[in-house]
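A.B. asks: Sequence and predicted structure, then a few things I'm wondering about:
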Amino acid sequence: MAQMPDRNTIRDVVGQVIVLAYKEDVQPLLTALAEERLPASLQRITYTPEEMAYALNSRTLLNHRLAWEKAARLPGYTLICESDFVPCRGLGDFPVFWPQTNARAWGYLYQGSPRLLALSQGQPAYLRVHASPLVAYVVNATVARILLDYFEYASATYDFTKYFVFDVFIQWFVMGKGGAAYMPWRHYGEHGGLPNKEHAAIGKLRQGGEHHADNLMADLRFLPQYTRGSRLRFLFVRTKWRLLGIGRLLSGRWILNTGVYDLSFRDKCRMFLAGAARLAPRLPGIGR
């Protein structure tokens, strides 16, 4: 089930990459994208004095908003990634994992702790999911405009000086507008950064807001920031999150029944097997 037939690659369909940053060093990421022959541009945001009073999470949302404005004017698909994204080696050659016939389909290259909503029939089988982190995702102009609608909704609903998990809410809003999110069979990269301190101090999220890939498509391009330069720590973190992914599958949290889909017993069996297939043994290292 984990074997995917030939189809378009990420390089075939992604016309532009926008790397979001504030003051972070993103040269390793830009170099990796250039080596993958993915045309990337750096977007460094500057904040007004008023915006500097916003919660860190809200300021991140402002940077994504600027990228959505650009993507809404661009043809084809735009890959948007945050400064702490660490791509897998071979990213440009990885297969497209969403149905291109659906103008409102978009995809998470990295998903944090994903939940499977449905598994498409036929081949290739696409994984329709709910995910949260916007570390690396691909949109077209149609979806980008829906995301801009979300920003307007969030601006009118939330106090940006207060912490709120905008990335958790965002997919439900897009789904309400007919959008559909997908994920690849394995993560196409890793969240390489340290967790936002607000997640632990204010959000009280599990793992203190820390999140990583449970299984990677290939070796990473470079050593993530969270390792603090230690390959031993890298192996520890990779093993820990792989085990957490297995635990999510075995505990039943991999499948999320929202009521949107009428899931039969057979459907749930297929979904469980898909989860097992994507966690098939592989503990990648760092590419050389």
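C.D. replies: Cool, the structure landed.
A.B. asks: so where's the stretch 51-200 of the chain uncertain?
C.D. replies: 196-200 (pLDDT under 70).
A.B. asks: what about 90?
C.D. replies: Counting by pLDDT under 90, the stretch 51-200 of the chain shows low-confidence ranges at 57, 112-113, 120-125, 131-132, 163-169, 171, 193-200.
A.B. asks: just checking, what packs against the longest strand belonging to the chain?
C.D. replies: Secondary structure assigned by DSSP state E gives strand 14-21 as the longest strand of the chain. Of the remaining helices and strands, those touching strand 14-21 by 3 or more CB pairs under 8 Å, 6 or more residues apart in numbering; DSSP states H and E are helix 27-35, strand 40-44, helix 56-71, strand 77-82. Glycine gets a C-beta too; all of them are placed from N, C-alpha and C.
A.B. asks: what's the angle between it and strand 77-82?
C.D. replies: Interaxial angle, strand 14-21 versus strand 77-82 (axes from the mean of the first three to the mean of the last three CA atoms, to 10 degrees): 20 degrees.
A.B. asks: And the average pLDDT for stretch 259-273 is what?
C.D. replies: For stretch 259-273, mean pLDDT is 89.
A.B. asks: circling back: columns mean neighbour count and distance to residue 167 on top of the helices and strands packed on strand 14-21, output as JSON lines?
C.D. replies: Output for those, formatted as JSON lines (neighbours: other CB atoms under 10 Å; distance: least, CB to CB, whole Å):
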{"stretch": "helix 27-35", "mean neighbour count": "17", "distance to residue 167": "19"}
{"stretch": "strand 40-44", "mean neighbour count": "15", "distance to residue 167": "18"}
{"stretch": "helix 56-71", "mean neighbour count": "19", "distance to residue 167": "8"}
{"stretch": "strand 77-82", "mean neighbour count": "26", "distance to residue 167": "11"}
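A.B. asks: Residue 163 is nearest to which of these?
C.D. replies: helix 56-71 (5.7 Å; CB to CB).
A.B. asks: gap between that closest one and the chain center?
C.D. replies: The chain centre lies 15 Å from the centre of helix 56-71; the measure is CA atoms, centre = their mean, to the nearest Å.
A.B. asks: ditto for stretch 100-115
C.D. replies: 8 Å.
A.B. asks: In the chain, which helix is the longest?
C.D. replies: Longest helix in the chain, counting residues (DSSP state H): helix 231-250.
A.B. asks: buried ones in that one?
C.D. replies: Of the residues in helix 231-250, 234, 237, 238, 241, 242, 244, 245, 246, 248, 249 count as buried by neighbour count, 16 or more other CB atoms under 10 Å.
A.B. asks: any idea of the mean pLDDT in the longest strand of the chain?
C.D. replies: Across strand 14-21, the average pLDDT comes to 97.
A.B. asks: could you dump the buried residues of helix 231-250 to JSON lines with distance to residue 269 and pLDDT?
C.D. replies: Below are the buried residues of helix 231-250 laid out as JSON lines (distance: CB to CB, whole Å; pLDDT from 0 to 100):
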{"residue": "234", "distance to residue 269": "35", "pLDDT": "94"}
{"residue": "237", "distance to residue 269": "32", "pLDDT": "93"}
{"residue": "238", "distance to residue 269": "29", "pLDDT": "93"}
{"residue": "241", "distance to residue 269": "25", "pLDDT": "93"}
{"residue": "242", "distance to residue 269": "23", "pLDDT": "92"}
{"residue": "244", "distance to residue 269": "23", "pLDDT": "94"}
{"residue": "245", "distance to residue 269": "19", "pLDDT": "93"}
{"residue": "246", "distance to residue 269": "18", "pLDDT": "95"}
{"residue": "248", "distance to residue 269": "17", "pLDDT": "93"}
{"residue": "249", "distance to residue 269": "13", "pLDDT": "95"}
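A.B. asks: Make a markdown table out of those and add distance to residue 210.
C.D. replies: Putting these into a markdown table (distance: CB to CB, whole Å) gives the following:
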| residue | distance to residue 210 |
| --- | --- |
| 234 | 14 |
| 237 | 9 |
| 238 | 13 |
| 241 | 9 |
| 242 | 15 |
| 244 | 10 |
| 245 | 14 |
| 246 | 18 |
| 248 | 15 |
| 249 | 20 |
